[in-house]
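Student: coordinates for the following, if possible.
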Amino acid sequence: MKVGVIVVDLQGDFTEYKGGSLAVPGTDRHYIEKVQEVTERFKLWGALIIGTQDWHPPDHVSFYTNHPGKKAFEVIEIQGRKQTLWPPHCIQGTEGARILIDNNLFRAVVQKGRDPRFDSYSGFQDDGGNRTELDTILKINGVKRLIVYGLATDYCVRATAVDARGLGYEVFLLKDLCRGVAPDTTAMALEEMARTGIKILEGLNPEELRGLLT
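Tutor: You can find the predicted model right below:
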């Protein structure tokens, strides 16, 4: 069975290690190194490694700075959709948008959030329903099982994993390689993922990880 690995948004602006504008707690150098180590193992074992990457234009709808009078983390409504406002992050071509593990590990990097009108937590589609190439890449390569981890558990990891499950993939979440923005939303995200049939794994035992590829 061909197994895919999706490393979600492991970018400078989301990490404490790089002093990111939207740093997720627990994302120090050790965390980045652990993600690198495990991803290298999956690559060695023959998995198809895909990265997702927030890649926003400066005028993106999710930036509070593009909404005069609003503050970071406020929730507003835009055309019937709720929109959380974030500090500017992962702007196209900036150092903060760079993926922090070895990019040679990836068969492809799927960029999301390029359209200034729509947020895009999921690696598969944005809030406007516009699809990325991720599902096509996985299907062309015969992938039916996915291993997902990265940043952040309660936003882009959750959305990517849930969409993958909805598209019919068998999905495993490596909890120990994920970090969440806040404890309450992270707990709710884990519960939602479990309800959808995503298998949430704790621990990083190499034998157990290799077993996911058989």
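Student: could you give the number of residues near the closest residue to Gly128 other than its chain neighbours?
Tutor: For Gly128, the nearest residue in space outside its immediate sequence neighbours is Phe118; the separation is 4.0 Å by Cβ to Cβ, 6 or more residues apart in numbering. (Glycine included, C-beta is placed from N, CA and C.) Other residues lying near Phe118 total 21 when counted by other Cβ atoms under 10 Å.
Student: tell me where this structure has helices.
Tutor: All helices of the chain, identified by DSSP state H, fall at 29-44, 134-140, 158-166, 183-195, 206-211.
Student: what's the last one in contact with?
Tutor: Going back to what we said before, that points to helix 206-211. Helix 206-211 has contacts (Cβ atoms under 8 Å, 6 or more residues apart in numbering) with Val38, Arg41, Phe42, Trp45, Leu174, Leu201.
Student: equivalent analysis for the longest one, please.
Tutor: Around helix 29-44, the neighbours that count as contacts under Cβ under 8 Å, 6+ apart are 5, 7, 10, 15, 17, 49, 100-102, 105, 147, 149-150, 174, 177, 179, 204, 206, 209-210, 213.
Student: out of the residues you listed, which end up buried?
Tutor: Neighbour counting with 16 or more other Cβ atoms under 10 Å marks 5, 7, 10, 15, 17, 49, 100-101, 105, 147, 149-150, 174, 177, 179, 204, 209, 213 as buried within the contacts of helix 29-44.
Student: for Gly20, report the pLDDT, please.
Tutor: Per-residue confidence (pLDDT) for Gly20: 98.
Student: what do you get for Val8?
Tutor: At Val8, the model reports a pLDDT of 98.
Student: beta partners for it?
Tutor: Partner residues in beta bridges with Val8: Thr52, Gly150, with DSSP bridges as the criterion.
Student: that one against Asp154, yeah?
Tutor: No. Contact criterion Cβ atoms under 8 Å: Val8 and Asp154 do not qualify, at 11.8 Å.
Student: more neighbours, these two?
Tutor: Neighbours around Val8 and Asp154, counted as other Cβ under 10 Å, are more numerous at Val8. The numbers are 30 against 24.
Student: quick check, central residue of the chain?
Tutor: Among the residues of the chain, Val8 comes closest to the average C-alpha position under Cα atoms, centre = their mean, at 2.7 Å.
Student: contact partners for that one?
Tutor: Under the criterion of Cβ under 8 Å, 6+ apart, the neighbours of Val8 are Thr52, Gly123, Val148, Tyr149, Gly150, Leu151, Cys156, Val157, Thr160.
Student: all good on my end, thank you.
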